[in-house]
Structure formats: C-alpha cells, structure tokens
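Engineer: Structure for this input, please:
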Amino acid sequence: MSDNHEETLVLTSADQRVVDERAVAAGVPSAVLMESAGRSAAEHIYRSCRWTKVVAVAGRGGNGGDALVVARHLHQAGMDVSVFAVCAPEQFTDTTATMARRLEQVAPGGLRFLTDDLAPLDEALGQADGVVDGLLGSGLDRPLSGRFSDVVAIINTAQTQTVSLDLPSGLPSDRGSPFDQAVQADLTIAMEFLKPAHLLYPARSHCGDILLARVAYPDEILADVVPLARVIERAGARIRLPARPPNGHKGTFGRVLVVAGSTGMSGAAILCAKGALRAGAGLVTVACPSAINSVIETALTEAISLPLPDKEGLLTPDAIGPLMSALDRADVVAIGPGLSRQSSVGELVLALLEKIRVPIVIDADGLFHLADHLDRLKAFSGRVVLTPHPGELSHLIDQPADRIDANRIEATRRFATEHGVVLLLKGRPTAIGTPDGDLFLNSTGNTGLATGGSGDALTGLIAGLLAGGASPADAAILGAYLHGATADRLARDIAERTILPSDLIAGLPSVIAEVEAGSGGEQTPLADSDRKKEG
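Structural biologist: The predicted structure follows:
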C-alpha cells in the first residue's frame with residue numbers, strides 16, 4: 001500500500017453501500033466510480049503480475065463491472081484477454097451493462113456469456129497465465145450454489161495465478177468465518193476500503209496479498225466516513241512516534257518502572273526492560289524478587305535493578321514499602337510479566353494499583369490478578385493499557401477464548417469503552433480499542449511472534465513509548481505496529497519459526513529508523529506468505 005495514507009478504513013458492506021450512495025448524490029456517477037476502481041485495479045495487475053494471457057470472470061453486478069473495466073484496460077495494455085460473464089446479457093445492472101458495451105467497443109466479441117456449459121471457461125483457464133475474479137463482491141449473505149459454485153470450483157482448480165477484485169468470491173465481507181466455498185486468491189485488490197474479511201481469520205487466508213485500488217470518491221465523502229476500524233500504516237506510525245528534542249536528557253525521555261519476574265521467569269522481566277530501552281526510555285528500573293536480582297543485573301547492563309522482599313522467589317505484599325520511592329520517580333509502570341499467579345503476588349498487584357498515579361501497562365500475570373477487580377481500572381481515567389491474548393481476556397470477562405477471537409473487533413471495543421482503558425488484544429490481527437470507541441487493527445506481524453517472551457517485549461516497548469510522551473492509545477498502536485514490522489523484517493532473511501524475542505529487540509532499531517525516515521515503504525496493508533499458486 002502507498003505510504004501516502006496514514007490509515008486505511010475498514011467498512012462493513014452496509015457502510016460501503018452508504019459511501020457509494022453519497023458519492024452518487026454528490027454528483028459522481030456510478031460509472032465514474034466503477035471506471036476509476038477498475039482502472040486502478042488494472043494498473044496493480046499490470047505492475048504485479050507477469051501475464052500475457054488472461055481470463056476475467058464477471059458477475060452481473062458491481063464486482064462484475066469492475067472486472068469488465070479491468071479486462072478492457074489489460075486488453076489495451078497488450079494482454080490477450082478472454083472475458084466470461086456468469087449471467088445473461090439482460091441480467092447486467094445498468095452500470096455494468098455500460099462497461100460491457102465499452103469493452104465490446106475495443107474488443108468486439110471478447111465477452112462471452114456462460115449459462116449452462118462451463119467448458120469454455122475451463123478450457124480458457126487451462127491456457128491462461130492468470131484469472132481475474134469479479135464474480136461476486138461484498139454483500140454476500142449465503143453460501144454459493146449452482147453455477148456460481150461450479151465457477152469457483154473451476155477457478156480454484158486452475159493452475160493460474162488468481163486475482164480477486166474487492167473480495168474473493170464466496171467470502172462474506174463482514175466476518176472472519178467463510179462459507180463452505182470461496183475463491184482462493186493469490187492477490188486481492190480491495191476497492192479503497194478494507195472489509196473485515198480482509199483481516200479476520202480464517203477468511204483472511206483466502207485473500208493472499210492485498211492491495212488497494214483507489215476510487216474517485218469526493219474528499220468530502222471520505223472525510224465523513226465513520227469506519228468500523230482503521231488499519232495503521234507506516235505514515236500513521238511515523239506521526240505517532242514521540243518527539244526527541246535535541247536538548248533532551250534521560251528525564252525528558254521518561255522513567256519506566258518494570259515490576260516483573262519470579263524464580264524461573266527472570267527472562268520475562270529482562271525482555272520487558274529491554275523493550276522499554278529500545279523504545280527510547282530515558283531510564284528503566286526493574287523491580288524484581290531478590291532471588292533473581294543477580295540474574296537481572298547480569299543481563300541488563302543498561303537498566304537499574306531494585307531487589308524486593310520475596311518468598312521462595314515470588315514477590316510478597318511486603319514489597320510495597322520499598323516500591324514506593326521508585327513509584328514516586330516513575331513516569332510509567334509496566335507490571336505483570338513473569339510475576340506468577342500466586343495469591344500473595346495478587347495482593348501486591350492490587351495494592352500497587354491503589355497507589356500508582358502514572359500511566360500503566362498491565363500484561364500477563366498482572367492481568368490474571370485483575371479478574372474480579374476490573375472496577376479499579378476506572379481510577380486511571382484512560383491512562384492504562386492492557387495487553388491480553390484471547391485466553392487472558394477470557395479469564396477477565398468469563399467468555400470462551402474462541403468466541404473472543406472470532407469476534408475480536410466487537411470484544412475489544414466493548415471492553416475498552418466499558419472499562420475506560422486502551423485494550424490491545426493480541427492475535428491476527430491485533431486489535432487496539434480506546435476508551436472513546438475508536439478501533440485500530442494492526443497489519444504487521446507473522447508467526448514469529450507466537451513464542452514465549454514476545455509479549456513481554458511488547459509490554460516494554462509500549463511502556464517505553466509512553467515514557468517518551470506518546471498517549472496510551474498511540475503507544476499501543478505504535479507498539480503493535482513496530483513489534484509486528486520487526487518480525488516481518490526479520491522474516492525476509494530468516495524463517496519465521498526461528499525468530500526469538502531477543503531477535504525482535506535487536507531488530508527494533510532498524511525498523512524504528514525506517515519509520516522515522518519514512519523509508520522502506522509498504523506495498524500492501526497485508527502480505528500473505530502462504531501461497532496456493534505461484535504466478
């Protein structure tokens with residue numbers, strides 16, 4: 001995706017219809033919208049796909065019209081294009097019929113209609129380099145059947161690269177659960193906006209890589225759009241980076257207090273502290289059980305350690321006294337990684353929450369001890385960031401983790417607004433909700449993040465950004481973006497399965513430098529490494 005846009009909007013199919021209706025009411029004919037979308041999609045295909053012989057499959061509605069525009073522009077660019085409409089000529093909508101006539105003007109006889117016999121399509125695909133799927137777009141509300149089902153089956157068995165327009169045909173646009181059958185695309189070209197199915201799994205796995213086609217919507221229409229969510233891009237990450245005044249000192253860039261660790265879990269505290277340091281925090285103090293202090297001091301040459309009273313390597317409520325002076329100096333507190341779930345540790349966590357007056361990031365075992373005490377979050381007035389995965393959120397709200405995961409947009413927004421917090425729900429995609437109801441989805445990251453310690457590094461990264469002056473929402477959004485982008489950068493050189501949290505921390509400087517400079521621009525909001533076919 002172009003780096004010229006700070007965010008990509010995510011709309012439901014109903015929202016998309018409203019936007020189109022408003023554009024037409026504002027004086028932009030639907031044919032102009034369709035022409036701009038199809039031309040932009042054709043440009044993406046021309047640049048991204050090394051095709052000479054192409055098959056385009058069109059339905060009767062707007063998605064089919066887009067495919068007809070794409071076919072015309074690819075034909076005019078010199079490609080050998082065969083076009084099949086899965087309907088009778090009289091079934092085209094008015095705008096799609098207009099595009100069919102324009103195609104016939106430049107490629108007489110190039111459009112064929114499929115009614116019962118699908119053999120011509122199967123034969124053409126056997127000789128093609130690629131297929132453009134414009135059968136069905138957003139708004140599908142039931143499984144495929146009849147000819148549509150047969151056509152999708154033919155597309156999926158063809159040994160060609162598949163590009164879907166807007167959405168792979170057969171996917172419901174507004175959810176992550178697909179119907180039984182849908183096109184398996186190598187590339188999906190979304191029209192100006194993303195839909196939930198572009199981002200939510202398992203529907204996401206049908207889309208391949210994703211590019212955006214720009215559509216000729218008036219600026220005033222776009223300005224009035226209220227999206228379901230926003231997807232952060234590199235430009236949006238850059239503007240969220242806290243400023244670094246040239247005369248700044250360690251006090252300027254903030255003091256982070258990390259309360260973390262227990263016997264056997266010192267690594268969680270270490271990774272959290274290193275994440276905060278890499279984010280640019282001026283000073284990081286790790287408050288930990290005395291039993292692991294020597295490990296902490298050996299591993300963290302750039303941080304301060306604060307050994308606290310413990311019992312068998314676990315913090316106890318007696319640690320609250322020694323912690324008070326550190327709390328007085330802290331600008332941000334990160335609490336939870338590796339603390340353990342013992343009740344005595346929970347007493348300390350709850351006692352700390354009563355005394356902390358600065359922004360706080362709560363993760364892992366800190367979240368565990370919040371169950372039945374969520375009312376305490378209100379006192380932070382939006383200054384708290386929670387970073388659960390679905391299992392941890394399940395413990396907090398007593399709902400099954402799989403239900404949370406399947407409805408992560410709604411679950412994140414509801415929790416954030418009800419409890420007045422910034423909630424970062426880990427997963428694919430990571431969702432970030434704010435107290436005022438805004439919802440952001442992170443497009444970066446891969447399976448290299450699915451390893452113990454990755455979340456601890458993220459907690460520290462967010463705390464360090466907070467210390468540098470980012471708002472809680474910006475720190476969570478930016479932290480998720482940088483965390484995932486670092487994993488993506490590492491995956492260019494090493495296998496995802498081999499990425500370690502320490503690799504993430506070591507790789508952060510280069511990624512942050514790219515974001516600061518605006519370099520390494522993204523081509524897509526989402527790239528998918530699991531390819532069905534090779535183009």
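Engineer: Which residue comes closest to residue 324 once chain neighbours are left out?
Structural biologist: In this structure, residue 324 finds its nearest non-sequential neighbour in residue 355, 7.1 Å apart by Cβ to Cβ, 6 or more residues apart in numbering. C-beta: built from backbone N, CA, C; applies to glycine.
Engineer: Next, count neighbours for residue 247.
Structural biologist: Using other Cβ atoms under 10 Å, residue 247 has 5 neighbouring residues.
Engineer: Let me fix that, I meant to ask about residue 263.
Structural biologist: Under the criterion other Cβ under 10 Å, the count of neighbours that residue 263 has is 15.
Engineer: if you skip the residues just before and after it, what's nearest to it?
Structural biologist: residue 313 (2.7 Å).
Engineer: In this structure the one you found contacts residue 292, no?
Structural biologist: Yes. Taking Cβ atoms under 8 Å as the definition, residue 313 is a contact partner of residue 292 at 6.6 Å.
Engineer: Give me the more crowded residue out of the two.
Structural biologist: residue 292 (26 against 17).
Engineer: Give me the common contacts of residue 313 and residue 292.
Structural biologist: Common contacts of residue 313 and residue 292, defined by Cβ atoms under 8 Å, 6 or more residues apart in numbering, comprise 262-263.
Engineer: Who are the contact partners of the residue nearest to residue 324?
Structural biologist: With contact set as Cβ under 8 Å, 6+ apart, residue 355 has these partners: 320, 324, 327.
Engineer: Need the phi and psi values for residue 63.
Structural biologist: Geometry field for residue 63 lists phi and psi as phi -60, psi -40, criterion degrees, to the nearest 10.
Engineer: oh sorry, the question was meant for residue 432
Structural biologist: The phi and psi torsions at residue 432 (degrees, to the nearest 10) take the values phi -120, psi 120.
Engineer: tell me which residues form a beta bridge with it?
Structural biologist: Counting by DSSP bridges, residue 432 forms beta bridges with residue 424, residue 440.
Engineer: distance of it from residue 458?
Structural biologist: 12 Å (Cβ to Cβ, to the nearest Å).
Engineer: Kindly list the single helix or strand of the protein that scores lowest on mean pLDDT.
Structural biologist: Lowest on mean pLDDT, DSSP states H and E among the helices and strands of the chain sits helix 219-223, with a mean of 85.
Engineer: buried sites along that one?
Structural biologist: Buried residues in helix 219-223, counting neighbours by 16 or more other Cβ atoms under 10 Å, are found at residue 221.
Engineer: can you pull the contacts of residue 168?
Structural biologist: For residue 168, the set of contacting residues under the criterion of Cβ under 8 Å, 6+ apart consists of 133, 182-185, 188, 206-207.
Engineer: Give me the subset of these that lies in strands.
Structural biologist: Secondary structure from DSSP state E places 133, 188 of these in strands.
Engineer: now the residue nearest to residue 324: how far from residue 162?
Structural biologist: When residue 355 is compared with residue 162 (using Cβ to Cβ), they lie 58 Å apart.
Engineer: quick revisit: are any of the contacts of residue 168 buried, and which?
Structural biologist: For these, a burial check counting by 16+ other Cβ under 10 Å picks out 133, 182-185, 188, 206-207.
Engineer: These into JSON lines, with extra columns for pLDDT?
Structural biologist: Formatted as JSON lines, the buried ones among the contacts of residue 168 follow (pLDDT from 0 to 100):
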{"residue": "133", "pLDDT": "98"}
{"residue": "182", "pLDDT": "95"}
{"residue": "183", "pLDDT": "96"}
{"residue": "184", "pLDDT": "97"}
{"residue": "185", "pLDDT": "97"}
{"residue": "188", "pLDDT": "97"}
{"residue": "206", "pLDDT": "96"}
{"residue": "207", "pLDDT": "96"}
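Engineer: Adding distance to residue 104, write those residues out as CSV.
Structural biologist: Listed next are the buried ones among the contacts of residue 168 as CSV, based on distance: Cβ to Cβ, whole Å:
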residue, distance to residue 104
133, 21
182, 30
183, 26
184, 31
185, 27
188, 27
206, 32
207, 31
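Engineer: I would like the residues contacting stretch 368-378, please.
Structural biologist: For stretch 368-378, the surrounding residues in contact (Cβ under 8 Å, 6+ apart) are 341, 345-346, 349-350, 353-354, 362, 384, 386, 392, 395-396, 419-421.
Engineer: Buried residues, stretch 87-97. List them.
Structural biologist: 87, 92-93, 95-97.
Engineer: no wait, stretch 309-320
Structural biologist: 309-310, 313-317, 319-320.
Engineer: Now, the residues you listed that are in strands?
Structural biologist: Short answer: the buried residues of stretch 309-320 in strands (DSSP E) are 310, 314-315.
Engineer: separation between the residue nearest to residue 26 when sequence neighbours are not counted and residue 225?
Structural biologist: Leaving out its chain neighbours, the residue that sits closest to residue 26 by Cβ to Cβ, 6+ apart is residue 218, at 5.2 Å. Taking Cβ to Cβ as the measure, residue 218 falls 11 Å from residue 225.
Engineer: looking at it, residue 23 is touching residue 218, isn't it?
Structural biologist: Yes. Here residue 23 reaches residue 218: they are 6.3 Å apart, a contact under Cβ under 8 Å.
Engineer: which one of the two has more residues nearby?
Structural biologist: When residue 23 and residue 218 are compared for neighbours, residue 23 comes out ahead with 21 against 13, by other Cβ under 10 Å.
Engineer: so which helix or strand takes in the more buried one?
Structural biologist: Under DSSP states H and E, the secondary-structure element containing residue 23 is helix 13-25.
Engineer: hmm, back to that, who touches the residue nearest to residue 26 in this structure?
Structural biologist: Per Cβ under 8 Å, 6+ apart, neighbours of residue 218: 23, 26-28.
Engineer: ok, 7 Å please
Structural biologist: Contacts for residue 218 (Cβ atoms under 7 Å, 6 or more residues apart in numbering) come out as 23, 26, 28.
Engineer: Pull the contacting residues for residue 485.
Structural biologist: Shown here is residue 485, whose contacts under the criterion Cβ under 7 Å, 6+ apart are 444, 511.
Engineer: Double-check that it belongs to a helix.
Structural biologist: Yes. Secondary structure of residue 485 (DSSP: H, G, I helix; E, B strand; the rest coil): part of a helix.
Engineer: Roughly how far does it sit from residue 280?
Structural biologist: Separation of residue 485 from residue 280 (Cβ to Cβ): 16 Å.
Engineer: Buried residues, stretch 150-158. List them.
Structural biologist: Of the residues in stretch 150-158, those scored as buried under the neighbour-count criterion (16+ other Cβ under 10 Å) are 150-152, 154-156, 158.
Engineer: Just the residues contacting stretch 59-72, thanks.
Structural biologist: Stretch 59-72 is contacted from outside by 34-35, 37-39, 41-42, 45, 56-58, 81, 83, 85-87, 91-93, 95-96, 99-100, 102-103, 106, 132, 134-137, 165-166, using Cβ under 7 Å, 6+ apart.
Engineer: Weed out the non-buried ones from the residues you listed.
Structural biologist: Among these, those classed as buried by 16+ other Cβ under 10 Å are 34-35, 37-39, 41-42, 45, 56-58, 81, 83, 85-87, 92-93, 95-96, 99-100, 103, 132, 134-137, 165-166.
Engineer: re earlier: what's the farthest-apart pair in the buried residues of stretch 87-97?
Structural biologist: Within the buried residues of stretch 87-97, 87 and 95 form the most distant pair, 14.2 Å apart (Cβ to Cβ).
Engineer: doesn't residue 172 make contact with residue 182?
Structural biologist: No. Between residue 182 and residue 172 no contact is recorded; they are 8.9 Å apart, counting by Cβ atoms under 7 Å.
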